[in-house]
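A.B. asks: Here's a sequence, model it:
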Amino acid sequence: MSSTTTTLSTSSLACPLSRRLAAYAKEAKYDFLGRLRLPVYSASTILFPVMFYTLFGLLLNRGQSNQGVSVSTYLLASYGTFGVMGAALFGFGVGVAMERGLGWLQVKRASPMPPPAYFTAKLTTSMAFSAIIVVLLMTLGVLFGGVHLAAIEALRLLLTLVIGAICFCAMGLAIGSLAGPNSAPAIVNLLYLPMSFASGLWIPINLLPRFLQKVAPLLPPFHLGQLALGVVGASREPAANHWGALLGFTLVFLGIARIGFQRDERQTG
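C.D. replies: Residues are numbered from 1 along each chain as shown. Next up, the predicted model:
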């Protein structure tokens with residue numbers, strides 16, 4: 001009798017957990033497929049960094065070097081940062097703002113789906129696209145740019161950029177929680193492109209004007225870029241400092257996002 005009771009109680013606990021996990025998996029699957037089938041997101045976030053890297057890293061600056069590594073290797077790290085940053089900002093910033101404006105978030109809250117599943121799906125999609133971008137850039141660099149990366153270095157670069165993209169997911173979430181569906185794309189672009197340039201993602205940081213070199217450490221892309229450059233041997237700065245900065249930015253952005261969603265709850269409550 002006691003063993004039967006134990007079995008029943010165990011199964012009753014396992015069943016809701018399995019259903020929750022299934023809900024998370026389905027939400028992530030359909031969010032990824034939705035983004036993949038949306039050319040304005042999938043094509044732009046993947047093709048822009050690939051196009052820029054091909055032009056500046058493989059064609060125009062082939063054979064040159066900077067900071068002790070080839071330009072193709074240097075720009076692999078910097079354009080990898082640029083790519084994951086775009087996937088995160090547009091996936092969260094524009095995606096959340098659009099779905100807020102359409103009232104889709106309210107529908108999600110009214111459904112039996114676990115509330116964190118929505119944000120987990122967005123995070124999974126952004127990180128998946130980030131991984132695709134980095135792998136494509138590494139493939140181009142190795143095949144056509146003379147980039148030499150050991151398997152462990154390639155894995156470290158991939159993990160560094162994909163994990164570092166979480167900071168920009170938080171930044172996108174902050175934008176999406178405050179901006180409207182029409183203004184969010186413009187806000188993301190106004191932040192994305194200038195921050196990328198000022199952080200040394202397009203032009204090596206040591207070639208930027210001195211005042212921008214002083215401003216760069218105040219921007220989150222600079223820190224992820226330095227971490228990626230450290231993996232390929234183009235930066236000797238302590239990684240802990242940059243990870244700490246990214247963590248600090250992430251917490252600030254999540255705090256802003258919380259304020260934005262609380263404002264929405266007061267308005268609809």
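A.B. asks: Now do the contacts for the residue nearest to Phe119 when sequence neighbours are not counted.
C.D. replies: Closest residue to Phe119 in three dimensions, ignoring its sequence neighbours and counting by Cβ to Cβ, 6 or more residues apart in numbering: Leu173, at 7.3 Å. To be clear about C-beta, it is placed using only N, CA and C from the backbone, and glycine gets the same treatment. Leu173 makes contact with 92-93, 96, 119, 122, 253-254, 257, according to Cβ atoms under 8 Å, 6 or more residues apart in numbering.
A.B. asks: Also Ala117?
C.D. replies: Contacts for Ala117 (Cβ under 8 Å, 6+ apart) come out as 20, 23-24, 27-28.
A.B. asks: Let's see that with 6 Å instead.
C.D. replies: Neighbouring residues of Ala117 by Cβ atoms under 6 Å, 6 or more residues apart in numbering: 23-24, 27.
A.B. asks: quick one on the thing from earlier: so of the contacts of Leu173, which ones are in helices?
C.D. replies: 96, 119, 122, 253-254, 257 (DSSP state H).
A.B. asks: can you give me the strands in the stretch 51-200 of the chain?
C.D. replies: 65-66, 69-70 (DSSP state E, counting those that start in this stretch).
A.B. asks: quick check: mean pLDDT across the last one?
C.D. replies: Averaged across strand 69-70, the pLDDT comes to 85.
A.B. asks: what does the first one give?
C.D. replies: The predicted model assigns strand 65-66 a mean pLDDT of 73.
A.B. asks: from the ones in helices among the contacts of Leu173, which is closest to Pro49?
C.D. replies: Lys122 (20.0 Å; Cβ to Cβ).
A.B. asks: separation between that closest one and Gln267?
C.D. replies: Going from Lys122 to Gln267 by Cβ to Cβ, to the nearest Å gives 22 Å.
A.B. asks: out of these two, which sits in the busier spot?
C.D. replies: Lys122 (25 against 7; other Cβ atoms under 10 Å).
A.B. asks: Check the spacing between the more buried one and Gly95 real quick.
C.D. replies: 6 Å.
A.B. asks: repeat for Ile133
C.D. replies: Counting by Cβ to Cβ, the separation of Ile133 from Gly95 is 17 Å.
A.B. asks: These two: which is more packed in?
C.D. replies: Ile133 (28 against 23).
A.B. asks: before we move on, the earlier item: quick one: buried ones out of the ones in helices among the contacts of Leu173?
C.D. replies: Burial by neighbour count, judged by 16 or more other Cβ atoms under 10 Å, picks out 96, 122, 253-254, 257 from the ones in helices among the contacts of Leu173.
A.B. asks: Help me confirm that Ser44 is found in a strand?
C.D. replies: No - Ser44: not assigned to a strand; according to DSSP: H, G, I helix; E, B strand; the rest coil it is helix.
A.B. asks: what's the neighbour count on it?
C.D. replies: The burial count for Ser44: 14, using other Cβ under 10 Å.
A.B. asks: Same question for Leu207.
C.D. replies: The number of residues packed near Leu207 is 10, by other Cβ under 10 Å.
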